[in-house]
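Visitor: quick one: sequence and predicted model below, then my questions.
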Amino acid sequence: MQPKETNAQTRRKPKSGLFRLREDIPSGLYNALGFIIPAVLIFLWWLVTYLGLVKPLFLPSPVAVLAEGWRQVTEGILLADASVSFYRITVGWLAATVVAVPVGILMGNFQIIEGSLGPLISTMRYMPVVALIPLSILWAGIGDAQKILILFLGTFFQQALMIMDNVKNIDMNLIRAGQTLGFSNSEILRRVILPAASPGIWDTFRITIGWTWTYLVVAELVAASDGLGRRIMDAQRYLATDTILFGTLFIGVLGLLTDYAFNKSGLRFFRWNSDKR
Amino acid sequence: MTKNATMPRIKVDAVGKIFGRGPQAVQAIKRIDLDVHENEFVSIVGTSGCGKSTLLNMIGGLDEPTSGDILIDGTPVDGPGRNRGFVFQSYSLFEWMTVQGNIRFALEKSNFGKAEKDELVAHFVQAVGLSGFENAYPKQLSGGMRQRVAIARALVYKPSILLMDEPFGALDAQTRGMMQELLLKIWEDHKVTVLFVTHDVDEAIFLADRVIVLCSSPGLVKRTVDIELERPRAFDIVTTAKFGEYKRDIMADIREETLKVMAMEKHNES
Amino acid sequence: MFKKCSLAALALVASAATAMADEIKLGLQPWLGYGPLWVAEQKGFFADHGIEVDLTTFSWDQDMTAALASGNLDVIAAATNGVIASYNVGLDQKGFLIMDLSFEADAIMAGNDIASVADLKGKDIAFESGSTSDLLLNYALRQNGMSIADVNHIPMGASEAGLALISGRVEAAVTYEPYISGALAQSDENRVLFTAAEKPGLISDMLTSSSTWINAHPDDVRGLILAWDDAVKFIRENPDEGGAIIAEAVGSSMEEFTPAFEGVRLYTISEMAQFLGGDFQATIQEIGEIMAETNPEHIKQVPAADEILAVDALMSMQ
């Protein structure tokens, strides 16, 4: 006579291992997926163009796109474009950050400043930066300053608000603890609030530089003789879709690299923030 | 004002607290009078909303009474100060500093030399039982360990008063028991006046010389119970008959208050 | 008998209805030269000739070209040089109607201290790459024995170019109306140096579509040509009303619009036919050569006139 338990055991089916809510999957699989999915998409892309399912004008093959990229590399164009664009992004983002950090921190800590600046910044956040190009020429001319201004306008407002949130999200009791230990307001700001908000602020940096990248094309519309964005806009005029695709994908890759850089450095600077024993 | 031997360390004199104004105003505390003497261990219990945390914050200088006065050694409270250490339920450790970093940070405003500070930090690390974890970061520690750091940080600069707001509320029962024993030992070794807010009646009685029961909505002192149990308190004192009596009385009080609150809420709804 | 008559009547109505039912999706930009299209829409000239037209306005001409290529638009207004560029990408785009020629409406402007095109040597000149401004400048330089290498190209859009000049950021700008009049109205330190009037046809616009569509919709093509003709004549006879419609469509005030509009010549059917029979073929050749010279990367072939024109219908209507 079989005991009842065995029947129940043999009848039970294990649930699908990879789709359990919020549970970890093997890290090898996780990393591999990150490569496999894009690889599959590229393969499908190649297949579609190889089979002639779409006109080359509409969708150049990955080979054509890479060939265009290679041409730009060998003619030195890509390096020149990438360096000047990278320079603009960096200076533009830094300009925004240098203002956004103090403004965000002050807004997060002092209601009077949040009340004064908050509505203004929230409104200006929605301004279409493209529409401000003529004004940017009048205010900043047509040189580097104008491009930096465009990138600044695209980055600063969101960043200030996000940093304000980073600061507001820290535990109020940390501030109270600082007070009970006898520290002044400015000391608490410097030695408690700032360190506590740092991991969040660093992540804000990572996210906002991604947005700065998306404004590159707008920044390079005026008086830019080279740059990744400039090249894409020129290619648009002639419907050179292979150049457009290469340029867009390349900017995406650069954005990914800056993202990775911030991520990795964040893990190192803020080792205390991980709960690994 | 000279310090009188009979002057209470903490004097809460006809203190009331109203939050907000106009029709939205909430009277958290109606009137509390309380004297706490030097080196006394006083527990405060009550239902939620009875104002116990509010009272503690006001004594700590983190909030202000709307009526009445709070005096520490005869001097009115004017904001937070280093004569009152505070331990929060959420630990509130500075996570970017190590265990000893946190404790040392508390000494910055003291006039000790480096060697003295090193000694004090080492002493308190050991006193709370965290030897070997000096260079660990708070996120790497368990809840109980973190709270021990918080206690060490609150005591290292030798405040005369320790204010604790449900410090063991987030811990499991076993850890809580160990922390209570540890706290009593530290209190006995370091001579400090403790005001301990909790909703756990067992904990309140186990630790204290006196238990203050607050009633709710609005806060008033319902009853003060002197705990005449001998010290040091053994862990199994909770099973004794005397302990049970205290517990029964206090629980009855709290139960009465809870029913009152529920009746009022029902009344407000209708 | 009655049944037969009613069936026939139904068929007639149905065919007339289907003839009207196909809406022509037409893309255009807010350019003065396309004015008659808005006039035709408002005054009902499209309906008069049995066609229904849906006008869509675009900011960038390359977007319109893409929409034509993907079939989202049936007909687009395009500059002649744009059609040559499309030819080089292998796009099937042909002009079936010449809409306008730009005379003073495309111009090179400079500070008063620059006396002639020859003086532009070594100067900073703002203009939009690949646009009619690009073409005009290259032509002007060619005429003076210079090339684009002799000047300093500051790339930006046509609307920004005028602004850059009057705010003193560049020494010369090439652009088109209404940005020309707009810039000159703001400051008297600038003047016009050279306009498209010096070579009529260089800057010209056509109504274009794919040859497939043109061949499949002869009635639509006819209707568009006739409606255009009506609109041009209406504007000549009623300049105030016609001007007002166009000014509103391009977003100009009447003060800005009136001087700007004078720089454009709109063509009726007979005028178009005459022009086609005359210089236009040679002009197309010249435009193509200039483009190939200045942009060898993208413009590798100069098309013959009949490779980018489909004007049989037009010629048969004169």
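Guide: Received the coordinates, thanks. Numbering: from 1, shown residues only, chains lettered A, B, ... in the order given.
Visitor: packing partners for the lengthiest helix in chain A?
Guide: Using DSSP state H, we find that the single longest helix of chain A is helix A:77-109. If contacts are counted by 3 or more Cβ pairs under 8 Å, 6 or more residues apart in numbering or on different chains; DSSP states H and E, helix A:77-109 sits against helix A:62-74, helix A:111-124, helix A:144-168, helix A:194-214, helix A:216-219, helix A:228-237, helix A:241-269. Quick note: C-beta positions are derived from backbone N, CA and C, even for glycine.
Visitor: only alpha carbons, please: show the second one as PDB.
Guide: Coordinates of each C-alpha in helix A:111-124 appear next as PDB, following Å, rounded to 0.1, in the frame of the first residue of the first chain:
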ATOM      1  CA  GLN A 111      11.000  75.100   2.000                       C
ATOM      2  CA  ILE A 112      11.400  78.800   1.400                       C
ATOM      3  CA  ILE A 113      13.700  78.100  -1.500                       C
ATOM      4  CA  GLU A 114      11.600  75.200  -2.800                       C
ATOM      5  CA  GLY A 115       8.600  77.500  -2.700                       C
ATOM      6  CA  SER A 116      10.300  80.300  -4.600                       C
ATOM      7  CA  LEU A 117      12.100  78.200  -7.200                       C
ATOM      8  CA  GLY A 118      10.100  75.100  -7.500                       C
ATOM      9  CA  PRO A 119       7.200  76.300  -9.600                       C
ATOM     10  CA  LEU A 120       9.500  78.200 -11.900                       C
ATOM     11  CA  ILE A 121      11.800  75.200 -12.500                       C
ATOM     12  CA  SER A 122       8.900  72.800 -12.900                       C
ATOM     13  CA  THR A 123       7.400  75.000 -15.600                       C
ATOM     14  CA  MET A 124      10.700  75.600 -17.500                       C
END
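Visitor: show me what counts as buried in it.
Guide: A:114, A:117, A:121 (16 or more other Cβ atoms under 10 Å in any protein chain shown).
Visitor: same check on the last one?
Guide: Neighbour-count burial for helix A:241-269, counted by 16+ other Cβ under 10 Å, picks out A:241-248, A:250-251, A:254-255, A:258, A:262, A:266.
Visitor: next one: the first one
Guide: The neighbour-count criterion (16+ other Cβ under 10 Å) identifies A:62, A:64-65, A:68-69, A:72 as the buried residues of helix A:62-74.
Visitor: what sits up against that helix?
Guide: Helix A:62-74 has contacts (Cβ atoms under 8 Å, 6 or more residues apart in numbering or on different chains) with A:42, A:45-46, A:49, A:56, A:60, A:77-79, A:81, A:231, A:242-243, A:245-246, A:249-250.
Visitor: on that earlier part again, report the buried residues of the longest helix of chain A.
Guide: Buried residues in helix A:77-109 (16+ other Cβ under 10 Å): A:78, A:81-82, A:84-86, A:88-89, A:91-97, A:100-101, A:103-109.
Visitor: low-scoring stretches of chain A, by residue?
Guide: For chain A, the stretches with pLDDT under 70 are A:1-16, A:276-277.
Visitor: would you mind writing the CA trace of stretch C:97-117 as CSV?
Guide: Extracted in CSV, the C-alpha atoms of stretch C:97-117 (Å, rounded to 0.1, in the frame of the first residue of the first chain):
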residue,chain,number,x,y,z
LEU,C,97,3.8,71.3,-62.3
ILE,C,98,6.1,74.2,-61.9
MET,C,99,4.7,76.3,-59.2
ASP,C,100,7.0,79.3,-58.7
LEU,C,101,10.3,80.8,-59.3
SER,C,102,12.1,82.6,-56.6
PHE,C,103,13.5,86.0,-57.7
GLU,C,104,14.3,88.3,-54.8
ALA,C,105,12.8,85.8,-52.3
ASP,C,106,16.1,83.9,-52.1
ALA,C,107,19.1,86.2,-51.4
ILE,C,108,22.5,86.6,-50.0
MET,C,109,22.6,89.4,-47.4
ALA,C,110,25.6,91.0,-45.8
GLY,C,111,26.7,93.9,-43.8
ASN,C,112,26.9,97.3,-45.5
ASP,C,113,30.6,97.1,-45.6
ILE,C,114,30.5,94.2,-48.0
ALA,C,115,30.1,95.7,-51.5
SER,C,116,29.9,92.6,-53.7
VAL,C,117,30.0,88.8,-53.9
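Visitor: next one: that stretch to chain centre, how far?
Guide: 15 Å (Cα atoms, centre = their mean, to the nearest Å).
Visitor: now stretch C:259-267
Guide: Put simply, stretch C:259-267 sits 12 Å off its chain's centre (Cα atoms, centre = their mean).
Visitor: quick check: end-to-end length of it?
Guide: 19 Å (Cα to Cα, to the nearest Å).
Visitor: then stretch C:306-316?
Guide: End-to-end for stretch C:306-316, by Cα to Cα: 16 Å.
Visitor: that one near chain A at all?
Guide: No: judged by Cβ under 8 Å from any Cβ of the partner chain, stretch C:306-316 and chain A are separated, with a smallest distance of 15.5 Å.
Visitor: which positions in that stretch come out as buried?
Guide: For stretch C:306-316, by 16+ other Cβ under 10 Å, it's C:308-311, C:314.
Visitor: secondary structure element for the nearest residue to residue C:302 once chain neighbours are set aside?
Guide: Sequence neighbours aside, residue C:288 is the residue nearest to residue C:302 in space, at 3.2 Å (criterion: Cβ to Cβ, 6 or more residues apart in numbering or on different chains). Counting by DSSP states H and E, the element that carries residue C:288 is helix C:280-294.
Visitor: can you count the residues close to residue C:155?
Guide: 23 (other Cβ atoms under 10 Å in any protein chain shown).
Visitor: same question, the one 4 residues further on
Guide: Applying other Cβ under 10 Å, we find 17 residues neighbouring residue C:159.
Visitor: quick check: the residue nearest to residue B:117 when sequence neighbours are not counted vs chain C, distance?
Guide: Excluding the flanking residues, the one nearest residue B:117 by Cβ to Cβ, 6+ apart is residue B:107, at 4.9 Å. Distance, residue B:107 to chain C, by Cβ to the nearest Cβ, to the nearest Å: 60 Å.
Visitor: need the contact list for residue B:107.
Guide: B:117, B:120-121, B:156-157 are the contacts of residue B:107 under Cβ under 8 Å, 6+ apart.
Visitor: of those, keep whichever come out buried.
Guide: Applying 16+ other Cβ under 10 Å to these flags B:117, B:120-121, B:156-157 as buried.
Visitor: give me every residue in the stretch 151-270 of chain B lying close to chain A.
Guide: Going by Cβ under 8 Å from any Cβ, the residues of the stretch 151-270 of chain B near chain A are B:153-154, B:157.
Visitor: keep only those residues that also lie close to chain C.
Guide: Okay, of these, nothing touches chain C (Cβ under 8 Å from any Cβ).
Visitor: closest to chain C among these?
Guide: Looking at those and their distance to chain C, the nearest is residue B:153, at 60.3 Å (Cβ to the nearest Cβ).
Visitor: what's the one helix or strand the closest one maps to in contact with?
Guide: Mapping residue B:153 onto the secondary structure by DSSP H and E places it in helix B:143-155. Contact with helix B:143-155 is made by A:177, A:180-181, B:85-88, B:91-93, B:99, B:102-103, B:105-106, B:124-125, B:127-130, B:133, B:138, B:141, B:162, B:167-168, B:170-171, B:175, B:178-179, B:182-183, B:186, B:190, B:192, as judged by Cβ under 8 Å, 6+ apart.
Visitor: okay then, goodbye and thanks.
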